[in-house]
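[1] Curious how this folds, go ahead:
(chains A and B)
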Amino acid sequence: DARVTQTPRHKVTEMGQEVTMRCQPILGHNTVFWYRQTMMQGLELLAYFRNRAPLDDSGMPKDRFSAEMPDATLATLKIQPSEPRDSAVYFCASGWTGQGGQPQHFGDGTRLSIL
Amino acid sequence: RKEVEQDPGPFNVPEGATVAFNCTYSNSASQSFFWYRQDCRKEPKLLMSVYSSGNEDGRFTAQLNRASQYISLLIRDSKLSDSATYLCVVGRYSGAGSYQLTFGKGTKLSVIP
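    Prediction:
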């Protein structure tokens, strides 16, 4: 089965450090999403790419978060500087958004702890 | 009002029971509907799509009422392995050809031996 691959699976670092999370979407999918999940907020959409172009990053704190898709096989989410409130599970998902809408397939997530 | 609302539960049911989850959505322009399942410390996984005419997949039945903006999931003959959080998910196209899924916070189900 094709899968979305995320790295690292776990990350523990001190506040102020830069954190980079990576995602390899499923080959052939044209959309990539970054989500953050916490107990309090549930799943929140941070950023969304379609055909590698950023379409929506309104859910992302822009002063410290940035999302890029340098090629079709790699999406990155970067936090600089990190803060304890950024501790969460970050999921990448990919899908195909042609006519009718399709579900998304999630990676295993990156469990981020900022001390 | 949240775009997708679910009863958080938890629902604690004995094995073999039938359990139903409900979900409401606020945006009438929503076009696609799904139920996802998320196990503890795992990623969300698609359980089933929800079609206007209602659809069934084994022990699982999903219903959609567009007039009431209401989605349901029925699980018959519950198994221990059904214990998970069930996420109601709504998709729609917004401006500039953007398509997004909005996730409910989920309903937690525990099936008890």
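
[2] what about residue 33, which helix or strand?
    Assuming you mean chain A. strand A:31-38 (DSSP states H and E).

[3] Wait, chain B was what I had in mind.
    Assigned by DSSP H and E, B:F33 belongs to strand B:32-38.

[4] List the buried residues in the helix or strand that the strand holding A:F33 is followed by.
    For strand A:31-38, the following helix or strand on the C-terminal side (DSSP H and E) is strand A:42-50. Neighbour-count burial for strand A:42-50, counted by 16 or more other C-beta atoms under 10 Å in any protein chain shown, picks out A:G42, A:L43, A:L45, A:L46, A:A47, A:Y48, A:F49, A:R50. For glycine as for every other residue, the C-beta is placed from the backbone atoms N, C-alpha and C.

[5] And stretch A:54-71, by the same measure?
    The neighbour-count check on stretch A:54-71 (16+ other C-beta under 10 Å) flags A:L55, A:D56, A:D57, A:M60, A:F65, A:A67, A:M69 as buried.

[6] who's in contact with that stretch?
    Applying C-beta atoms under 8 Å, 6 or more residues apart in numbering or on different chains, the contact partners of stretch A:54-71 are A:32, A:34, A:44-49, A:52, A:75-83, A:86, B:94, B:96-98, B:100.

[7] Any residue of stretch A:104-115 touching chain B?
    Yes: for stretch A:104-115, a contact with chain B is found by C-beta under 8 Å from any C-beta of the partner chain, at A:Q104, A:H105, A:F106, A:G107, A:D108, A:G109.

[8] What distance do you get for the first one to B:F103?
    A:Q104 sits at a distance of 10 Å from B:F103 (criterion: C-beta to C-beta, to the nearest Å).

[9] related to what we said a few turns ago, just send the residues of stretch A:104-115 next to chain B back as a markdown table, with secondary structure and neighbour count too.
    A markdown table is the format used below for these (DSSP: H, G, I helix; E, B strand; the rest coil; neighbours: other C-beta atoms under 10 Å in any protein chain shown):
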| residue | secondary structure | neighbour count |
| --- | --- | --- |
| A:Q104 | strand | 28 |
| A:H105 | strand | 21 |
| A:F106 | strand | 24 |
| A:G107 | coil | 23 |
| A:D108 | coil | 17 |
| A:G109 | coil | 23 |
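
[10] C-terminal to the lowest-mean-pLDDT helix or strand in chain B, what's the next element?
    Sorting the helices and strands of chain B by mean pLDDT, DSSP states H and E puts strand B:99-103 at the bottom, at a mean of 85. For strand B:99-103, the following helix or strand on the C-terminal side (DSSP H and E) is strand B:107-112.
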